[in-house]
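Novice: Please find the sequence and the predicted model below.
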Amino acid sequence: MAFFVPASAFAGTHASGELAAPRVYEQYKSEVASAVPKMSEVAPAAETCVPIAAGSLDRRDGAVEACTAVTSVARERKAAVTQEDGEVCTVSKPGYWKFNRLSTCLREMAVNFTLRGEKQEVLGTATLYVSSSATYSTRTRAWKEEISVEFAEPKGQVQSLNVAADVSCTSLCTATENSPWIGAKKLVDNGVLATGSVAYSSKVEVGKVDFSTTKYHLYITHTGSIPTIPSVNWDNPHQVRCDSRKTDLGSSEGCVDGAVRQEADLEMPISKYGAAAFTYGWAQWNLKDKWGRYSGSPLKYAADGDERRKRTCGKQSSEPFEPFDPSIVKNDSCDEFPFAGTQQGGNDGALCAEIRPHLRIDDKYEMYEAYDDKPVTRNEPCVRSHVPNEENGNAGLEYGRYVQKWRLIDGDPFYLTVPDYFDRAVDAD
């Protein structure tokens with residue numbers, strides 16, 4: 001690839017015409033996708049109790065303690081609807097966290113509230129269902145989260161509850177708006193919601209990566225003022241990963257859930273990227289390592305692609321790349337696979353299979369060996385290809401967009417597809 005962020009692709013057909021490959025592709029894609037961590041059950045918390053203040057209304061009504069507990073019992077309930085002040089998470093199973101690379105969602109964590117009398121008899125109960133939904137930004141170090149608390153199932157003396165909430169976060173993260181609503185909200189009637197948003201920001205420096213945990217606190221009372229100690233505490237099981245990097249325009253920064261691999265592959269169709277995409281597909285189906293194929297291993301992003309490229313296509317190669325005459329390849333440029341912008345890239349160009357993709361009159365590509373005295377064995381660890389500079393550069397830009405969209409950092413895996421490789425490639429042998 002010719003630009004600072006190299007490109008790639010995956011997919012299609014073996015040069016020998018393995019027509020079973022599409023089925024294999026779907027099989028492996030399904031297996032890899034199912035391995036992505038997507039859900040986590042809320043961890044239950046043991047019941048904790050606090051004494052009822054002497055002289056309070058609850059004490060006069062016979063209550064001596066108020067108790068809260070987080071339960072892992074999740075019932076299928078009608079999902080809360082979108083509220084005017086923010087969006088409640090409705091896409092997950094009740095009692096579970098759901099994780100995506102660009103968002104995190106908690107749906108209806110159940111918090112039981114119980115009033116007890118002097119003989120530990122239950123005087124009243126209610127349940128609070130807590131939901132939250134955060135969306136991360138791949139272009140800033142700040143993000144917001146919607147939080148809601150639903151009052152439900154009141155019984156006995158507990159026909160309302162006062163609820164306050166706040167958040168915090170660890171490491172270089174700061175909760176810039178730490179309360180979803182001001183003070184305590186009194187919730188009465190089954191199904192009533194308290195809802196609002198909070199905001200976070202990371203102070204990660206350029207060239208650094210930071211991991212932070214978001215923490216949540218709920219303050220619950222039946223009557224009276226807001227308690228100084230939270231009634232319920234919980235953390236997001238996944239950390240938010242924020243990074244900042246240098247670019248030609250200054251810096252680029254953003255945040256993701258780094259524990260979850262992006263589900264979208266990098267797609268490089270031959271119809272759009274021509275000889276560059278053919279090169280990637282040919283290498284994946286002909287070279288032994290099968291980088292980027294689901295039946296092989298994922299590629300892993302590397303930030304030092306410029307330096308790696310010099311070893312494959314530049315003067316640091318023991319056999320520097322020599323462009324062909326324009327009559328053979330118009331605006332010839334060196335394209336490499338695995339990409340220099342991956343940890344598998346940066347091989348000495350002399351070790352690579354060197355090829356020249358040839359576009360036939362039937363609009364299909366076939367592989368020609370670049371030099372008669374350097375036969376392709378298909379045991380090479382890489383390929384170096386003679387590709388028109390415009391196609392090479394456009395593929396590099398697409399890879400750069402993919403890296404930005406999913407906020408890849410060193411070591412992040414991804415898969416590559418050349419979706420029309422079967423339709424556009426032929427065996428040159």
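Specialist: The structure has been received and is ready for your questions.
Novice: Does residue 119 belong to a helix, a strand or coil?
Specialist: coil (DSSP: H, G, I helix; E, B strand; the rest coil).
Novice: Phi and psi next, for it.
Specialist: When read as degrees, to the nearest 10, the backbone of residue 119 gives phi -100, psi 20.
Novice: okay, it: pLDDT?
Specialist: What the model reports as pLDDT for residue 119 is 94.
Novice: Tell me how many other residues surround it.
Specialist: 7 (other CB atoms under 10 Å). Heads up, the C-betas are built off the backbone N, CA and C, glycines and all.
Novice: how near is it to residue 66?
Specialist: Separation of residue 119 from residue 66 (CB to CB, to the nearest Å): 16 Å.
Novice: Please apply the same query to residue 392.
Specialist: In this view, residue 392 and residue 66 are 68 Å apart by CB to CB.
Novice: Do a quick rundown of the strands in the stretch 151-300 of the chain.
Specialist: 160-169, 173-177, 185-188, 193-202, 209-212, 214-221, 232-235, 240-247, 250-256, 266-267, 299-300 (DSSP state E, counting those that start in this stretch).
Novice: and those, which is most packed in?
Specialist: Across those, averaging neighbours per residue (mean count of other CB atoms under 10 Å) puts strand 266-267 on top, at a mean of 23.
Novice: How far does it sit from its chain's centre?
Specialist: 16 Å (CA atoms, centre = their mean, to the nearest Å).
Novice: so after the host helix or strand of residue 366, what's the next helix or strand?
Specialist: Per DSSP states H and E, residue 366 falls inside strand 365-369. Note on strand 365-369: by DSSP H and E, the next helix or strand toward the C-terminus is strand 383-388.
Novice: Pull out the CA atoms of that following strand and give them to me as CSV.
Specialist: Only the C-alpha atoms of strand 383-388 are listed here, as CSV (Å, rounded to 0.1, in the frame of the first residue of the first chain):
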residue,chain,number,x,y,z
VAL,A,383,3.8,-10.9,-1.6
ARG,A,384,5.1,-7.8,-3.3
SER,A,385,2.9,-6.7,-6.2
HIS,A,386,3.1,-4.3,-9.1
VAL,A,387,-0.1,-2.2,-8.8
PRO,A,388,-1.1,1.1,-10.4
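Novice: one step back: mind giving me TSV with the strands of the stretch 151-300 of the chain and columns for mean pLDDT?
Specialist: TSV is the format used below for those (pLDDT from 0 to 100):
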stretch	mean pLDDT
strand 160-169	96
strand 173-177	98
strand 185-188	94
strand 193-202	96
strand 209-212	97
strand 214-221	96
strand 232-235	96
strand 240-247	91
strand 250-256	90
strand 266-267	96
strand 299-300	96
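Novice: Which one, of those strands, ends up nearest to residue 330?
Specialist: strand 266-267 (24.9 Å; CB to CB).
Novice: Give me the helices and strands touching the closest one, please.
Specialist: In terms of contacts (3 or more CB pairs under 8 Å, 6 or more residues apart in numbering; DSSP states H and E), strand 266-267 is packed against helix 389-406, strand 416-417.
Novice: so which of the ones you listed gets nearest residue 290?
Specialist: Closest to residue 290 of the helices and strands packed on strand 266-267 is strand 416-417 (CB to CB; 10.8 Å).
Novice: Quick one: list the elements packing against that closest one.
Specialist: Packed against strand 416-417 by the contact rule (3+ CB pairs under 8 Å, 6+ apart) you find strand 266-267.
Novice: in its sheet, what does the strand it packs on sit against?
Specialist: Using DSSP bridges, the strands paired with strand 266-267 are strand 416-417 (parallel).
Novice: For residue 353, name its beta-bridge partners.
Specialist: Beta-bridge partners, per DSSP bridges, of residue 353: residue 383.
Novice: what comes up buried for the helix or strand encompassing residue 107?
Specialist: Assessed by DSSP H and E, residue 107 sits inside strand 103-117. Within strand 103-117, the residues scored as buried using 16 or more other CB atoms under 10 Å are 103-117.
Novice: Tell me how far it lies from the chain's centre.
Specialist: On CA atoms, centre = their mean, the centre of strand 103-117 falls 27 Å from that of its chain.
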